[in-house]
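*Asks:* Provided below for reference: sequence and predicted model.
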Amino acid sequence: MPRMPGTNPWFDSFARCMEELEYEATWTLNLNYNLNLDLNEEQKKAGWKIYKTSTFGRFDCSNCPNSWSSAHVVILFHYRLRVKPSRGSVLLRPFRQQCRNCWRIPSMLKPQVKPTQMQQVFERLISKILKNCYMQPVEADERNLLHRKTKPHERTLCEACSLGMCSNTGTFPCKRRRCNTCPFISPLRDIQGPKDSFHVTKPFTCTSANLVYCILCSKCDFLYVGETERRLGDRFAEHLRSVRTRNPNLRVACHFNSPSHSESDLFVLGLQQCSNDAERKREEKRIIKLLGI
């Protein structure tokens, strides 16, 4: 299989790996930063398939000296084989990450992946191609995930997480010292109301801001949906204070001071990330109506 020329290292690595396939089909690779985890009916009929994986990578900010390594660089493929003519197509989307120091001028940075890691990514893809396109039996190959010291994955700065394409969606403790919200964080991604349910597709932590959030009770079906421009932890601290001071004028405080209830039954999670006040208030009303509360 002829090697695909090009300056992009993904193309060169792909060509080297595909040369080892003993099939006549010519396989080509293209980058596409609009790929997602869904296929429409037309794409399914055309034979497209999806494969998602992850690898190690490095990011260098172009706006400041900051750089970091990540063990969670998400790679998404769409691929298909056409019989007549015998031609295979692969679309690749390497997901980007944002510099945590440049949040005022946000820009998504492309990952730098070493050739050895690229080769392992394509070897896993080829196993999928052999199995799903050529119907060739493939032995399960367990990944050898070597330990590498990297900073914790910051879900709010990951493009894949923000689009709901990581398994790491939901609300997570920020793990800051002396954070009073972390013990009350709920990992739930599906909230069931009297009328309908809401599925969380974004990542949140105690430090997430400008969002719609939910407070729920572990003992009953109580739900409270609110919105805040501030950090989730700061807003939740007010709710917790109202419970501890037994404020009789606030719904959350009244519920968790009712018989057989206490603050140990109280949990909080993020529901929807917003960009401004109007969107936040609109989403709050929409979710309340959807859940039927």
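*Replies:* Structure received.

*Asks:* other SSEs contacting whichever helix or strand Ser69 is part of?
*Replies:* Taking DSSP states H and E as the definition, Ser69 sits inside strand 67-82. In this structure, strand 67-82 makes packing contacts with strand 49-60, strand 87-94, helix 115-132, judged by 3 or more Cβ pairs under 8 Å, 6 or more residues apart in numbering; DSSP states H and E. Bear in mind the C-beta positions are built from the backbone N, C-alpha and C, glycine included.

*Asks:* Ser242 is nearest to which of those?
*Replies:* Each of these has some distance to Ser242 by Cβ to Cβ; the shortest is strand 49-60, at 41.3 Å.

*Asks:* so what touches that closest one?
*Replies:* Under the criterion Cβ atoms under 8 Å, 6 or more residues apart in numbering, residues 37, 39, 67-80, 94, 97, 99, 109-114, 117-118, 120-121, 124-125, 128, 132-133, 148, 150, 165 lie in contact with strand 49-60.

*Asks:* what's the answer for stretch 78-89, then?
*Replies:* Surrounding stretch 78-89, the residues in contact under the criterion Cβ under 8 Å, 6+ apart are 23-28, 30, 32, 35, 39, 43, 46-51, 90-91, 125, 128-129, 133-134.

*Asks:* where does the chain have low pLDDT?
*Replies:* Using pLDDT under 70 as the threshold, the predicted model of the chain has low-confidence ranges 1-7, 103-104, 106, 139-152, 164, 166-168.

*Asks:* hang on, the earlier thing: the strand holding Ser69 to strand 49-60, inter-axis angle?
*Replies:* The directions of strand 67-82 and strand 49-60 differ by 160 degrees, with axes from the mean of the first three to the mean of the last three Cα atoms, to 10 degrees as the criterion.

*Asks:* run me through the strand neighbours of strand 67-82, direction for each.
*Replies:* The sheet places strand 67-82 alongside strand 49-60 (antiparallel), strand 87-94 (antiparallel), with pairing taken from DSSP bridges.

*Asks:* can I get the CA coordinates of the last one in CSV?
*Replies:* Coordinates of each C-alpha in strand 87-94 appear next as CSV, following Å, rounded to 0.1, in the frame of the first residue of the first chain:
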residue,chain,number,x,y,z
ARG,A,87,-11.3,2.1,-1.2
GLY,A,88,-11.2,2.8,2.6
SER,A,89,-11.7,6.2,4.2
VAL,A,90,-10.7,7.3,7.7
LEU,A,91,-11.6,10.6,9.3
LEU,A,92,-9.7,11.6,12.4
ARG,A,93,-10.5,14.2,15.1
PRO,A,94,-7.9,14.7,17.9
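
*Asks:* sweet, I'm off.
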